[in-house]
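S.K.: next comes the sequence, and after it the predicted model I'd like to discuss.
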Amino acid sequence: MSENNDVKDCLRALAEAVRQGAGPSVQQRLLVRFRERRDNQRRRKYLAGIAASLMVAAGLYLAVFQHQKAIQGVLHNEDNQTSGFITLPYAQSGVPLEQPVIVRVDIPVSELGMMGVRVTPSRVKERVRADLLIGQDGVARAVRVVE
(Lines give C-alpha, C1' and ligand atoms only; values in the text may rest on other atoms or scores of the structure.)
Protein backbone atom coordinates (compact mmCIF):
# COMPACT_ATOMS: atom_id res chain seq x y z
CA MET A 1 0.00 0.00 0.00
CA SER A 2 2.87 2.38 0.78
CA GLU A 3 4.30 1.71 -2.69
CA ASN A 4 1.10 3.08 -4.23
CA ASN A 5 1.34 6.22 -2.13
CA ASP A 6 5.00 6.65 -3.11
CA VAL A 7 4.10 6.40 -6.80
CA LYS A 8 1.23 8.89 -6.41
CA ASP A 9 3.49 11.32 -4.56
CA CYS A 10 6.15 11.08 -7.28
CA LEU A 11 3.55 11.67 -10.01
CA ARG A 12 2.14 14.71 -8.17
CA ALA A 13 5.62 16.16 -7.77
CA LEU A 14 6.31 15.60 -11.49
CA ALA A 15 2.98 17.25 -12.46
CA GLU A 16 3.78 20.31 -10.34
CA ALA A 17 7.29 20.56 -11.74
CA VAL A 18 6.17 20.41 -15.35
CA ARG A 19 3.12 22.69 -15.29
CA GLN A 20 1.75 22.97 -18.77
CA GLY A 21 -1.65 24.15 -19.84
CA ALA A 22 -3.50 24.18 -23.05
CA GLY A 23 -3.25 27.39 -24.93
CA PRO A 24 -6.27 29.61 -25.52
CA SER A 25 -6.71 28.30 -29.07
CA VAL A 26 -6.84 24.68 -27.85
CA GLN A 27 -9.34 25.60 -25.15
CA GLN A 28 -11.49 27.47 -27.67
CA ARG A 29 -11.51 24.54 -30.13
CA LEU A 30 -12.34 22.13 -27.34
CA LEU A 31 -15.27 24.29 -26.19
CA VAL A 32 -16.54 24.54 -29.78
CA ARG A 33 -16.42 20.75 -30.18
CA PHE A 34 -18.25 20.15 -26.91
CA ARG A 35 -20.95 22.66 -27.87
CA GLU A 36 -21.33 21.07 -31.32
CA ARG A 37 -21.73 17.65 -29.74
CA ARG A 38 -24.30 18.94 -27.24
CA ASP A 39 -26.24 20.69 -30.01
CA ASN A 40 -26.19 17.56 -32.17
CA GLN A 41 -27.56 15.49 -29.28
CA ARG A 42 -30.35 18.01 -28.75
CA ARG A 43 -31.21 17.98 -32.45
CA ARG A 44 -31.37 14.18 -32.46
CA LYS A 45 -33.68 14.20 -29.44
CA TYR A 46 -35.99 16.78 -31.03
CA LEU A 47 -36.06 14.90 -34.34
CA ALA A 48 -36.77 11.61 -32.58
CA GLY A 49 -39.64 13.27 -30.69
CA ILE A 50 -41.06 14.74 -33.89
CA ALA A 51 -40.77 11.40 -35.67
CA ALA A 52 -42.52 9.60 -32.81
CA SER A 53 -45.30 12.20 -32.78
CA LEU A 54 -45.79 11.83 -36.52
CA MET A 55 -45.97 8.05 -36.21
CA VAL A 56 -48.61 8.28 -33.47
CA ALA A 57 -50.60 10.83 -35.48
CA ALA A 58 -50.44 8.65 -38.60
CA GLY A 59 -51.56 5.60 -36.61
CA LEU A 60 -54.49 7.47 -35.09
CA TYR A 61 -55.49 8.88 -38.47
CA LEU A 62 -55.43 5.44 -40.06
CA ALA A 63 -57.40 3.93 -37.19
CA VAL A 64 -60.09 6.61 -37.39
CA PHE A 65 -60.16 6.46 -41.19
CA GLN A 66 -60.59 2.67 -41.18
CA HIS A 67 -63.33 2.94 -38.54
CA GLN A 68 -65.20 5.56 -40.56
CA LYS A 69 -64.80 3.50 -43.72
CA ALA A 70 -66.24 0.42 -42.01
CA ILE A 71 -69.20 2.37 -40.62
CA GLN A 72 -69.94 4.00 -43.97
CA GLY A 73 -69.85 0.57 -45.57
CA VAL A 74 -72.50 -0.60 -43.11
CA LEU A 75 -74.71 2.46 -43.59
CA HIS A 76 -74.50 2.38 -47.39
CA ASN A 77 -74.55 -1.38 -47.91
CA GLU A 78 -77.47 -2.36 -50.11
CA ASP A 79 -77.95 -5.69 -48.39
CA ASN A 80 -77.47 -4.92 -44.68
CA GLN A 81 -79.29 -8.11 -43.73
CA THR A 82 -76.12 -10.09 -44.49
CA SER A 83 -73.62 -7.61 -43.08
CA GLY A 84 -72.12 -8.21 -39.66
CA PHE A 85 -72.72 -6.55 -36.35
CA ILE A 86 -70.61 -3.70 -35.05
CA THR A 87 -69.45 -4.20 -31.48
CA LEU A 88 -70.57 -1.40 -29.18
CA PRO A 89 -67.81 0.41 -27.27
CA TYR A 90 -69.27 -0.33 -23.83
CA ALA A 91 -70.17 -3.94 -24.66
CA GLN A 92 -67.16 -5.52 -22.96
CA SER A 93 -68.66 -7.63 -20.23
CA GLY A 94 -67.50 -10.43 -17.99
CA VAL A 95 -70.71 -12.29 -18.80
CA PRO A 96 -70.29 -14.70 -21.71
CA LEU A 97 -72.61 -14.34 -24.70
CA GLU A 98 -74.35 -17.72 -24.43
CA GLN A 99 -77.99 -16.92 -25.27
CA PRO A 100 -78.05 -13.71 -27.30
CA VAL A 101 -81.31 -12.17 -28.47
CA ILE A 102 -81.65 -10.03 -31.58
CA VAL A 103 -84.13 -7.19 -31.26
CA ARG A 104 -85.15 -5.05 -34.24
CA VAL A 105 -85.81 -1.42 -33.36
CA ASP A 106 -86.34 1.92 -35.09
CA ILE A 107 -83.90 4.41 -33.64
CA PRO A 108 -82.77 7.92 -34.56
CA VAL A 109 -79.50 8.10 -36.44
CA SER A 110 -78.17 10.34 -33.65
CA GLU A 111 -78.47 7.36 -31.28
CA LEU A 112 -76.19 5.41 -33.59
CA GLY A 113 -73.63 8.16 -33.03
CA MET A 114 -73.83 7.58 -29.28
CA MET A 115 -73.23 3.87 -29.91
CA GLY A 116 -69.96 4.63 -31.67
CA VAL A 117 -71.28 4.50 -35.23
CA ARG A 118 -70.24 7.52 -37.29
CA VAL A 119 -73.09 9.12 -39.21
CA THR A 120 -73.23 11.95 -41.70
CA PRO A 121 -74.70 15.20 -40.31
CA SER A 122 -77.40 15.29 -43.00
CA ARG A 123 -78.92 12.07 -41.66
CA VAL A 124 -79.07 13.06 -37.97
CA LYS A 125 -82.81 13.74 -37.93
CA GLU A 126 -83.71 10.48 -39.70
CA ARG A 127 -84.72 7.22 -38.09
CA VAL A 128 -83.26 3.91 -39.18
CA ARG A 129 -84.08 0.30 -38.50
CA ALA A 130 -81.39 -1.54 -36.61
CA ASP A 131 -80.85 -4.93 -35.02
CA LEU A 132 -79.46 -4.96 -31.49
CA LEU A 133 -77.65 -8.01 -30.20
CA ILE A 134 -78.62 -8.29 -26.51
CA GLY A 135 -76.77 -10.57 -24.11
CA GLN A 136 -78.44 -12.56 -21.33
CA ASP A 137 -77.37 -9.82 -18.92
CA GLY A 138 -79.61 -7.34 -20.78
CA VAL A 139 -76.75 -5.28 -22.17
CA ALA A 140 -76.67 -4.47 -25.88
CA ARG A 141 -73.43 -5.90 -27.26
CA ALA A 142 -73.60 -5.01 -30.96
CA VAL A 143 -75.67 -3.13 -33.52
CA ARG A 144 -76.43 -3.78 -37.18
CA VAL A 145 -78.14 -1.20 -39.39
CA VAL A 146 -80.94 -2.62 -41.54
CA GLU A 147 -82.43 -0.52 -44.32
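M.R.: That came in fine, so what should we check first? What you see is a predicted model, and the numbers here were worked out from it, not measured in a lab. Residues are numbered from 1 along each chain as shown.

S.K.: show me where this structure has its helices.
M.R.: Assigned helices in the chain, in chain order: 2-17, 24-76, 109-114 (criterion: DSSP state H).

S.K.: point out the most buried one among those.
M.R.: helix 109-114 (a mean of 16; mean count of other CB atoms under 10 Å). Quick note: C-beta positions are derived from backbone N, CA and C, even for glycine.

S.K.: give the other helices and strands that that helix contacts.
M.R.: If contacts are counted by 3 or more CB pairs under 8 Å, 6 or more residues apart in numbering; DSSP states H and E, helix 109-114 sits against strand 127-134.

S.K.: how far away from the center of its chain is the strand it packs on?
M.R.: Between the centre of strand 127-134 and the centre of its chain there are 32 Å (CA atoms, centre = their mean, to the nearest Å).

S.K.: ok, that strand: who's next to it in the sheet?
M.R.: Take DSSP bridges as the rule and strand 127-134 pairs in its sheet with strand 101-108 (antiparallel), strand 140-146 (antiparallel).

S.K.: closest one to residue 9 among those strands?
M.R.: Smallest distance to residue 9 across those (CB to CB): 83.1 Å, for strand 140-146.

S.K.: thinking again about what came up before, in TSV: the helices of the chain, plus mean pLDDT and distance to residue 84.
M.R.: Shown next, in TSV, are the helices of the chain (pLDDT from 0 to 100; distance: least, CB to CB, whole Å):
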stretch	mean pLDDT	distance to residue 84
helix 2-17	83	80
helix 24-76	83	8
helix 109-114	77	16
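
S.K.: can I get the ones you listed in a markdown table including distance to residue 145?
M.R.: Converted to a markdown table, the helices of the chain look like this (distance: least, CB to CB, whole Å):
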| stretch | distance to residue 145 |
| --- | --- |
| helix 2-17 | 85 |
| helix 24-76 | 5 |
| helix 109-114 | 7 |
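
S.K.: for residue 86, find the nearest of those.
M.R.: Across those, residue 86 has its closest neighbour in helix 24-76 (6.4 Å, CB to CB).
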